[in-house]
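sharing a model that was predicted from the sequence below.
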Protein chains: 2
Amino acid sequence: MEEPIQIGLLGLGTVGGGVFKLLQSNGQEIALKLGRPLEIKRILVRDVTRPRSVNVNPELLTTDPLAILKDPEIDIVVEVMGGLEPAREYVLEALRQGKSVVTANKDLLALHGKELFAAAEATGRDLLFEASVGGGIPIIHSLKECLAGNRISQVMGIVNGTTNYILTKMSQEGRPFAEVLAEAQRLGYAEPDPTSDIEGDDAARKMAILASIAFGTRITYPQVYHEGISQLHPQDIKYAARLGYAIKLLGIAREEEGMVEVRVHPALVPLEHPLAIVQGAFNAIFVEGDAVGQAMFYGQGAGEMPTASAVVGDIMEAARNLIHGTTGRLSCTCLAHKPVKPIWDIETRYYLRMIVKDRPGVLAAIAKVFGDRQVSLASVIQVGMVGEQAELVFITHKVREQNLREAVEIISGLPVVNQVASVIRVEGGPEQ
Amino acid sequence: MEEPIQIGLLGLGTVGGGVFKLLQSNGQEIALKLGRPLEIKRILVRDVTRPRSVNVNPELLTTDPLAILKDPEIDIVVEVMGGLEPAREYVLEALRQGKSVVTANKDLLALHGKELFAAAEATGRDLLFEASVGGGIPIIHSLKECLAGNRISQVMGIVNGTTNYILTKMSQEGRPFAEVLAEAQRLGYAEPDPTSDIEGDDAARKMAILASIAFGTRITYPQVYHEGISQLHPQDIKYAARLGYAIKLLGIAREEEGMVEVRVHPALVPLEHPLAIVQGAFNAIFVEGDAVGQAMFYGQGAGEMPTASAVVGDIMEAARNLIHGTTGRLSCTCLAHKPVKPIWDIETRYYLRMIVKDRPGVLAAIAKVFGDRQVSLASVIQVGMVGEQAELVFITHKVREQNLREAVEIISGLPVVNQVASVIRVEGGPEQ
């Protein structure tokens, strides 16, 4: 067996600890597969004295990033510290020093991808990031390599486990959002500050990465329209189920006529769609290509060991490329420049719930506004009474978002309408 | 743009035609991604005059395999003719001639994998075969690369679309096997001779390939125990549904304590298991690894364009390896020798349906035989009456297959038992 390939780990938190454990437990098999062992030479931490869940030789720990970035014996730098700075600076320096880099950092890639990939190309090294989306699910390699012969028309996914866990609980138990969130925080499924998950920021970053790869054009996080799930009412989940839909926080990326649309928001998904059955903290990414047709990738989208699985897969690829002298073999594929469609230009179907006065002519007044704005209705159901008022649910046919928004604004001002309580997009049905 | 990479196609049937079309329609994007165009130089066919669904220049066609295999300008040979001979001979000759080979041929790989990979290693060329299992689903690359850091404990899949289509129809419409098969044949979902699909041979070949990769040991088709679906009764599907299960033709490969088990047979799968919802001709492969946990890959497992998607993905990888001078980068990973467990040694749960005399003491007599053979019952349900006789359904706890078989033999001979009508394994539940 030849000399080991030396690895520097930036960070020893949840993911870093998982990577350390996995390289320990499966190191022999990995060495056999590669023909060379992998060895973690140094680990950057904030505090070397802090007690840790992994059994690591304290001599490996350092608080000095340069002890890793400038060490000529280190071949691969694994960035699992997260956040934008100093992660960005470290990754750039590692690439400049001629090291291959593996990262799990979606924040970084969704904002600074262009700069990072340019740095990797300048030195011909690998910058691999399978773990940045979907945890252990091999979606990035699949899009970049196995499905590379396809024109991808759509990537639609449940890419945030925390919100899917909360929605699953709300749906199964009919409980309100705030209560389920608090429980998820107690159980460790949601962060103490859950904003990035529940407001869709985390999912938007992942969709920026997926859309960039799927359509070969650079999409950054600020270009991704996103809404979260904090405004969802349990009764909408109940009514959706009655109509044959689940409500999921979906990331949607589509290309049509050279324009890209990419957005994250709650959506009604038909119960027979494969994404509708994704329960709890699982993630799933649904892909449509002109040759492959419909495909779906399902698994644990976060967590110590699933994420470590993806990181170690990337470390093995980077190692293989070093062994065969072929780093940079699969570099950035954002070769085109495709404009992003503004949210008001998208076309989809909508679910609306309204509280209206229970009197004759109300429906006619609402229907007229819809008609004037070319919003065509697929179904109208009176779902119940709220005191003296009626609760109406509408599902529209496909319509441009701007028309829908205008119609909703006018309807909200009608004297017979108390409130347009919910507007939720409908995705994944036969009309899309 | 540099010189094209030249491809020789062996076969222009369904898959070959799909590959031709896909390289035509998406050739520009593919060339952009690779930095070099791909060009089909020659196509081996049986009859150059036959009318074809693809619009191909007749000058490309040849009936002489050597016009491809011996052409020094051809870099990549794509074998999509199927069958064992002469495909085996052609693939070996192509590798000997220093060409990289892409094949969709599961029959060939499941029987002659060892010889073929040895030939590829001897000349350091690629032998890629993503299309041999699961059509367009990127399962082989995912197991070999992205999940390579895992110890895989289980691969469980619906890997034959024809049988899944038939089972879906039987389940949705309560119709008998023979009637649904005849309809599937009329609609082109089943072959005129459906034996290989319905008796599980096709799935067994795919499971041999998947097990070899997942566990790093060579498993060949004759080592895969298999049963088909032709003996399934609609009432078993009905009773399974009542008990919370779907019946699927499952391929199962597990490793436990250095022993591999690999088998194909109908199985009851809990309705909440992700494999249970796979409908129609779709395929899905469920994987469990020590780091990634549970993951599933879903898509169209056959057909012209989904299979072409996988073949073209492999062609692009072979081309990339040629461009970077790194062919043979990821060669055969069957490095271990793990014994295969005989079917009578497996342990699983069983569903049994019996027709018995409707009189006191029958259940006691049956239960005694089960008890003597350490078969422990999870549930017993009297599902109905057949004339004067009672129909009983049992579900067992986990038990060794040999014990179950012995018990069934003795029970079949009991004077109070008319018939043990069905014995079907139960998989994917919490006990497995």
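Thanks, I have it.

which strands or helices does the longest helix that chain A contains pack on?
The helix that spans the most residues within chain A, counting by DSSP state H, is helix A:304-323. Applying 3 or more CB pairs under 8 Å, 6 or more residues apart in numbering or on different chains; DSSP states H and E, we find helix A:304-323 packed against strand A:5-10, helix A:14-25, helix A:27-34, strand A:38-44, strand A:76-79, strand A:100-103, strand A:127-128. Using the backbone N, CA and C atoms, a C-beta is placed for each residue, glycine as well.

the same query, at a cut-off of 6 Å, please.
When contacts are defined as 3 or more CB pairs under 6 Å, 6 or more residues apart in numbering or on different chains; DSSP states H and E, helix A:304-323 sits against helix A:14-25, strand A:100-103.

just checking, what packs against the last one?
Helices and strands touching strand A:100-103, by 3+ CB pairs under 6 Å, 6+ apart, are strand A:76-79, helix A:87-96, helix A:304-323.

just checking, next helix/strand downstream of that strand?
helix A:106-123 (DSSP states H and E).

next, format the helices and strands packed on strand A:100-103 as JSON lines and append mean neighbour count, mean pLDDT and distance to residue A:420.
Shown next, in JSON lines, are those (neighbours: other CB atoms under 10 Å in any protein chain shown; pLDDT from 0 to 100; distance: least, CB to CB, whole Å):
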{"stretch": "strand A:76-79", "mean neighbour count": "28", "mean pLDDT": "98", "distance to residue A:420": "45"}
{"stretch": "helix A:87-96", "mean neighbour count": "21", "mean pLDDT": "98", "distance to residue A:420": "42"}
{"stretch": "helix A:304-323", "mean neighbour count": "26", "mean pLDDT": "96", "distance to residue A:420": "40"}
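
what about chain A, any weak spots by pLDDT?
A:1, A:431-432 (pLDDT under 70).

residues from it in reach of chain B?
A:22, A:26, A:32-33, A:136, A:138, A:141-142, A:146, A:148-151, A:277, A:291-293, A:295-296, A:298-300, A:305-306, A:308-309, A:312-313, A:316, A:324, A:326, A:329, A:335 (CB under 6 Å from any CB of the partner chain).

pull out the buried members of those residues.
A:22, A:26, A:33, A:136, A:138, A:141-142, A:146, A:148-151, A:277, A:291-293, A:295-296, A:298-300, A:305-306, A:308-309, A:312-313, A:316, A:324, A:326, A:329 (16 or more other CB atoms under 10 Å in any protein chain shown).

quick revisit: and the contacts of the longest helix of chain A?
Defining contact as CB atoms under 6 Å, 6 or more residues apart in numbering or on different chains, one finds that helix A:304-323 is touched by A:5, A:14-15, A:18-19, A:22, A:34, A:75-76, A:100, A:102, A:104, A:126, A:128, A:130-131, A:135-136, A:300, A:327, A:329, B:146, B:148-150, B:291-293.

so how far is it from its chain's centroid?
When distances are taken as CA atoms, centre = their mean, to the nearest Å, helix A:304-323 is centred 20 Å away from the chain's centroid.

just to revisit the earlier point, just the helices and strands packed on helix A:304-323: most buried one?
Among the helices and strands packed on helix A:304-323, strand A:100-103 has the highest mean neighbour count (mean count of other CB atoms under 10 Å in any protein chain shown), at a mean of 28.

show me which residues of the helix or strand residue A:267 falls within are buried.
For residue A:267, the element it lies in under DSSP H and E is strand A:259-270. Buried residues in strand A:259-270, defined by neighbour count with 16+ other CB under 10 Å: A:260, A:261, A:262, A:263, A:264, A:265, A:266, A:267, A:268, A:269, A:270.

stretch A:227-246 too?
Applying 16+ other CB under 10 Å to stretch A:227-246 flags A:227-230, A:232-240, A:243, A:245-246 as buried.

can you tell me which of those residues end up in strands?
Counted as lying in strands by DSSP state E, out of the buried residues of stretch A:227-246, are A:245, A:246.

which one among the buried residues of stretch A:227-246 gets closest to residue A:365?
Distance to residue A:365, by CB to CB, is smallest for residue A:239 among the buried residues of stretch A:227-246, at 21.9 Å.

so who does that closest one touch?
By CB under 6 Å, 6+ apart, the neighbours of residue A:239 are A:383, A:393.

thank you kindly, that will do.
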